[in-house]
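>>> only the shape, not the letters, is given here:
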């Protein structure tokens, strides 16, 4: 007799076990408690990522690595699965097919990936660090005299927004649309489809403008890349880079700042009695990675994976957070570690994150700038009172209220139109990356 298959169709279907919902305030408030429950089902567990949309979530570290590296059994193309998903589902902006490196395999994936890698290689680290520091100081100056602030809306969200939009040449009047589009497509409590379409609209206009008049920015370089991307392909790669770069970097900055401000156990650190930015970031990447559940894969045919029968086209997601924190040793320090390998926050295999180094540099610089300027910054509420963004994919506080001694002597924000207010593009564009 054939054993019961978790999820009886590529999109949805009944099951013996009621799938655990990965959206809503309950999951957002205590994801690790949910992961502990899911592990009781084995290396793969039934979950619901939106109304009427189920998936299998990989919670086992070694199973996750196997999945991420197995390009013969699994595909990244979601179209077979997508055919059984409601057209208005809020998860389609994040998981639905588009001609990008995230949803393709083989030679097509390699073509898109080469264009993205070569474009990101134009971001020179020393210029990026200087640009992030400059923007950070300007953002801090905007609220430093108040003695209070929200480190998400006033800092962590705005800093990578500036860097990405400036680097790609987005017009200043469109930057807020970009951040709303990126944030909206990842949340589960809004109109994700409309948010994504508005983001596409901004980037479509940008690509058309750069076709007509090239500039000194990443959009121009991508359009001129030997991969020969057409306009739609270019739009989709740019929206992928922005969405996969902005929101996770925002979450990494916010989560690391929260870790530094809320965990008094690090007061015994040798580093001046406080946790360093590098330590906080490493801790977050292990325990609360900015993208907690992602890495969508689909079996090419009916198969069995780690003892679990799968149907062709069925959605599998990787819980980077659950895999990283599996089986913590009883004497481990607060930064719980899993298995014998590295953490999976950047994914693994051919679809691993191509922007690891720029993201780490942005986050580290942003945190160092803030903690050096606001030396006595502290949370304005108890950590347990924080509200977390809902949604199955990310892990991030919605707000991070803080208080500190006002800085009356902090430099004034630049006057609009002054030379220092001009957006600095943290890249050098030549015929070849860094050439």
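Now that the structure is in, tell me what you want to look at. Here the structure is a predicted model, which is why all the values come from computation and not from measurement. Numbering: from 1, shown residues only.
>>> residue boundaries of the strands in the stretch 201-350 of the chain?
293-299, 303-305, 308-310, 316-319 (DSSP state E, counting those that start in this stretch).
>>> mean neighbour count, those: which tops it?
Across the strands of the stretch 201-350 of the chain, averaging neighbours per residue (mean count of other C-beta atoms under 10 Å) puts strand 316-319 on top, at a mean of 26. For the C-beta atoms, the positions are set from N, CA and C on the backbone; glycine is no exception.
>>> returning to that earlier point: out of the strands of the stretch 201-350 of the chain, flag the one nearest residue 287.
Nearest to residue 287 among the strands of the stretch 201-350 of the chain is strand 316-319 (12.4 Å), distances taken as C-beta to C-beta.
>>> pLDDT averaged over the closest one - what is it?
Averaging pLDDT along strand 316-319 gives 98.
>>> mind giving me the packing neighbours of it?
strand 44-50, strand 53-58, helix 61-69, strand 293-299 (3 or more C-beta pairs under 8 Å, 6 or more residues apart in numbering; DSSP states H and E).
>>> most neighbours per residue, which of the ones you listed?
strand 53-58 (a mean of 26).
>>> what sits against the residue nearest to the spatial centre of the chain?
Geometric centre of the chain, nearest residue: residue 248, 2.6 Å, by C-alpha atoms, centre = their mean. Contacts for residue 248 (C-beta atoms under 8 Å, 6 or more residues apart in numbering) come out as 290, 291, 359, 394.
>>> state the pLDDT value of residue 399.
Value listed for residue 399 in the pLDDT field: 96.
>>> and it, which of the three is it?
coil (DSSP: H, G, I helix; E, B strand; the rest coil).
>>> that older thread, tabulate the strands of the stretch 201-350 of the chain (a markdown table), appending distance to residue 219.
A markdown table is the format used below for those (distance: least, C-beta to C-beta, whole Å):
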| stretch | distance to residue 219 |
| --- | --- |
| strand 293-299 | 25 |
| strand 303-305 | 40 |
| strand 308-310 | 40 |
| strand 316-319 | 31 |
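>>> tell me which of the ones you listed sits nearest to residue 167.
strand 293-299 (23.4 Å).
>>> run through the residues that contact the closest residue in space to residue 281 that isn't next to it in sequence.
Excluding the flanking residues, the one nearest residue 281 by C-beta to C-beta, 6 or more residues apart in numbering is residue 256, at 4.8 Å. By C-beta under 8 Å, 6+ apart, residue 256 lies in contact with 277, 280, 281, 283, 284, 363, 367.
>>> if you set the cut-off to 7 Å instead, what comes out?
By C-beta atoms under 7 Å, 6 or more residues apart in numbering, the contact list for residue 256 reads 277, 280, 281, 284, 363, 367.
>>> repeat for residue 323
So residue 323 contacts 58, 59, 60, 61, 64, 338, 344 (C-beta under 7 Å, 6+ apart).
>>> how near is it to residue 64?
Here residue 323 is placed at a distance of 4 Å from residue 64 (C-beta to C-beta, to the nearest Å).
>>> from the contacts of residue 248, which two are the most distant?
359 and 394 (14.2 Å).
>>> hang on, the earlier thing: so of the contacts of residue 248, which ones are in helices?
Secondary structure from DSSP state H places residue 359 of the contacts of residue 248 in helices.
>>> where does pLDDT dip in the chain?
1-17, 185-190, 264-274, 327-341, 409-435 (pLDDT under 70).
>>> again, only using 80
Applying pLDDT under 80 to the chain flags residues 1-17, 179, 182-193, 263-275, 327-341, 408-435.
>>> just the angle for the lengthiest helix in it relative to strand 293-299, thanks.
Ranked by residue count and defined by DSSP H, the top helix of the chain is helix 231-262. Inter-element angle recorded for helix 231-262 and strand 293-299: 140 degrees (by axes from the mean of the first three to the mean of the last three C-alpha atoms, to 10 degrees).
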